[in-house]
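Undergrad: the following comprises the amino acid sequence and a computationally predicted model.
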Amino acid sequence: MATPLIWIDEEVQAEPALARPIPFVFKTAGQTMLALGQLATLGDGALANLAELTSDFFEKQTEGPDVLVGALPFDPTQPSHLVQPERVLRVQGKHDIGAIPGLGGGASSHAAAPRILSVDPDPAAAEFANAVAVALDQLNAPGATMRKVVLSRSLKVMANRDFSAADLMRKLSVDESVTVFATPLPARLHRLRCLIGATPELLLEKRGGHIVSHPLAGSARRHRDTAEDRQAGNRLLASDKDRREHAMVVESILDILAPYCVDLSTPEGTCLRATASMWHLGTRIVGQLKDASLSSVHFVGLLHPTPAVCGLPRNLANDQIMKLEPYDREFYAGAVGWCDSAGDGRWHVSIRCAELDGNHARLYAGAGIVPGSTPEGEVIETSAKFRAMLDAFGIDGGRFDE
Ligand SMILES: C=C(O[C@@H]1C=C(C(=O)O)C=C[C@H]1O)C(=O)O
């Protein structure tokens with residue numbers, strides 16, 4: 001069970017941070033899943049053991065909802081944070097996420113929005129550009145075997161009072177093209193934390209023998225002006241660099257899933273996928289399994305981290321991420337979702353998100369680097385990817401690009 005908050009900064013903190021873990025919330029277009037309370041926690045284990053751990057768990061667990069919900073970290077060797085909730089509530093139809101029963105009780109909610117005291121880029125945009133330049137040297141070196149690496153940067157935000165998960169989710173939900181999520185994270189230094197975000201990317205959904213993955217890679221920011229916006233989308237569709245970057249992700253997912261499927265295809269091919277602030281290249285992959293008894297977690301264990309958030313080959317890209325990023329990604333660029341005893345489940349890539357810890361938040365944005373990428377281009381792309389979260393926090397992002 002999570003430990004209550006013990007640290008209070010008298011200067012800026014009028015009242016305690018999250019006193020109870022916030023509920024797990026998963027809001028896709030037309031449906032919200034809310035998982036309240038914590039009946040049991042899945043034991044620690046790396047991603048490779050997760051299918052076994054979850055099936056053992058469901059075999060032994062005779063009481064409570066037949067579901068585990070939570071987050072998987074970027075590093076597949078690190079433990080996941082999955083819990084069996086006390087109660088699951090599903091709300092269908094168009095609704096205000098902040099008004100869902102149970103949500104307000106778990107998240108602090110204030111009449112006035114917290115006032116932002118500081119925004120600290122980590123690394124600074126110039127340092128991130130240097131890291132991209134180093135990665136490009138590696139990618140372009142004669143005989144290079146690394147083909148793609150995804151590098152990220154973060155913004156550390158501090159406010160005069162606790163952030164409200166409910167308020168942030170309400171703002172993020174204005175964009176109906178994304179999955180808005182909130183998930184409790186393991187406590188750190190006795191402080192409760194959560195991850196909150198608005199992800200456009202489906203890692204894997206499994207229902208019976210049917211699986212779907214919808215990877216995204218290749219991005220451009222959207223524009224207010226319709227003609228300019230359309231042009232940006234068309235440029236992305238025609239961009240050789242972005243098509244290569246995207247194809248690596250799709251091919252890798254198809255290669256991994258093919259041996260398990262009687263039928264695996266990309267019915268619409270590569271399309272433009274729009275969110276309120278970004279254009280992406282996206283390819284919906286659908287498959288029919290040979291063995292429907294394999295769980296969603298089994299496939300997540302094989303797929304994660306895809307080249308959309310790590311790179312290719314995975315081990316070389318991961319080495320560069322460890323060297324070039326100044327922080328541990330923890331649950332950013334991992335996965336959030338649920339699975340049940342029948343093996344069904346739905347997992348989204350945990351991007352366009354922020355870790356919340358009382359009145360502190362850390363926002364993340366990353367971008368795929370391939371030959372043909374430029375440091376300036378990747379700074380612009382990551383700035384655009386921060387937009388959705390910055391808007392939810394009420395922060396003008398422009399000044400963090402220098
Ligand atoms: C890593 C992120 O996004 C990923 C990288 C993308 C890209 O490089 O074009 C696009 C979508 C995501 O798969 C992020 O938003 O933090």
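TA: Sure thing, it's come through. What you see is a predicted model, and the numbers here were worked out from it, not measured in a lab.

Undergrad: which helix or strand lies directly C-terminal to the longest strand anywhere in the chain?
TA: For the chain, the strand that runs over the most residues, judged by DSSP state E, is strand 148-159. Sequence order places helix 165-172 as the next helix or strand after strand 148-159, per DSSP states H and E.

Undergrad: find the residue at the geometric middle of the protein.
TA: By Cα atoms, centre = their mean, the chain has its centre lying nearest to residue 350, at 1.0 Å.

Undergrad: pLDDT wise, what is that residue at?
TA: In this prediction, residue 350 carries a pLDDT score of 98.

Undergrad: residue contacts, it?
TA: 71, 181, 195, 197, 199, 331-336 (Cβ atoms under 8 Å, 6 or more residues apart in numbering). C-beta here means a position set from N, CA and C on the backbone, and glycine is covered the same way.

Undergrad: and the helix or strand harbouring residue 248, how far out from the chain middle?
TA: Secondary structure assignment for residue 248, by DSSP H and E: helix 240-257. Centroid separation for helix 240-257 versus its chain: 19 Å, with Cα atoms, centre = their mean, to the nearest Å.

Undergrad: for the helix or strand following that helix, packing partners?
TA: Counting by DSSP H and E, the next helix or strand C-terminal to helix 240-257 is strand 261-265. The contact analysis (3 or more Cβ pairs under 8 Å, 6 or more residues apart in numbering; DSSP states H and E) places strand 261-265 against strand 285-289.

Undergrad: report the buried residues of the strand it packs on.
TA: 285-287, 289 (16 or more other Cβ atoms under 10 Å).

Undergrad: stretch 281-288 near the ligand at all?
TA: No. Stretch 281-288 does not reach the ligand (Cβ under 6 Å from any ligand atom); its nearest approach is 7.5 Å.

Undergrad: close to the ligand: what parts of the protein are there?
TA: Counting by Cβ under 6 Å from any ligand atom, the chain sits next to the ligand at 150, 152, 201, 216-219, 280, 308-309, 333, 351-352, 364-368, 385.

Undergrad: name the element the closest residue in space to residue 212 that isn't next to it in sequence belongs to?
TA: In this structure, residue 212 finds its nearest non-sequential neighbour in residue 205, 4.7 Å apart by Cβ to Cβ, 6 or more residues apart in numbering. Using DSSP H and E, the secondary-structure element containing residue 205 is strand 202-207.

Undergrad: what's that strand packed up against?
TA: On a contact count with 3+ Cβ pairs under 8 Å, 6+ apart, strand 202-207 meets strand 210-214, helix 296-303, strand 345-349.

Undergrad: thinking again about what came up before, filter the residues of the chain next to the ligand down to the ones in helices?
TA: residue 385 (DSSP state H).

Undergrad: just to revisit the earlier point, got TSV for the buried residues of strand 285-289, with pLDDT too?
TA: Converted to TSV, the buried residues of strand 285-289 look like this (pLDDT from 0 to 100):
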residue	pLDDT
285	99
286	98
287	98
289	98
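
Undergrad: shaky segments in the stretch 51-200 of the chain?
TA: The model of the stretch 51-200 of the chain has pLDDT under 70 over residues 101-111.

Undergrad: neighbours of whatever residue of the stretch 1-150 of the chain ends up closest to the ligand, just the number please.
TA: Nearest to the ligand in the stretch 1-150 of the chain, going by Cβ to the nearest ligand atom, is residue 150, at a distance of 5.4 Å. Residue 150: 28 surrounding residues under other Cβ atoms under 10 Å.

Undergrad: wait, doesn't it sit right on residue 312?
TA: No. The criterion here is Cβ atoms under 8 Å, and residue 150 misses it with residue 312 at 9.7 Å.

Undergrad: related to what we said a few turns ago, go through the helices and strands packed on strand 202-207 and pick out the most buried.
TA: Mean neighbours per residue, mean count of other Cβ atoms under 10 Å, is largest over the helices and strands packed on strand 202-207 for strand 345-349, with a mean of 24.

Undergrad: report the angle between the very next helix or strand once past that one and helix 165-172.
TA: Counting by DSSP H and E, the element after strand 345-349 in chain order, helix or strand, is strand 353-357. Put simply, strand 353-357 runs at 160 degrees to helix 165-172, going by axes from the mean of the first three to the mean of the last three Cα atoms, to 10 degrees.

Undergrad: residues contacting strand 353-357, please?
TA: Contacts of strand 353-357 (Cβ under 8 Å, 6+ apart): 17-18, 157, 163, 165, 168, 181, 185, 188, 191-199, 330-332, 361-364, 389, 393.

Undergrad: mind doing that once more with 7 Å?
TA: With contact meaning Cβ atoms under 7 Å, 6 or more residues apart in numbering, strand 353-357 is reached by 17, 163, 165, 185, 191, 193-197, 199, 332, 361-364, 389.

Undergrad: coming back round to it: number of residues surrounding the residue nearest to residue 212?
TA: 20.

Undergrad: name whatever forms a beta bridge with it.
TA: Using DSSP bridges, the beta-bridge partners of residue 205 come out as residue 212, residue 346.

Undergrad: check contacts around it.
TA: Going by Cβ under 7 Å, 6+ apart, residue 205 touches 211-212, 346.

Undergrad: now do it, the pLDDT please.
TA: Model confidence at residue 205 (pLDDT) stands at 98.
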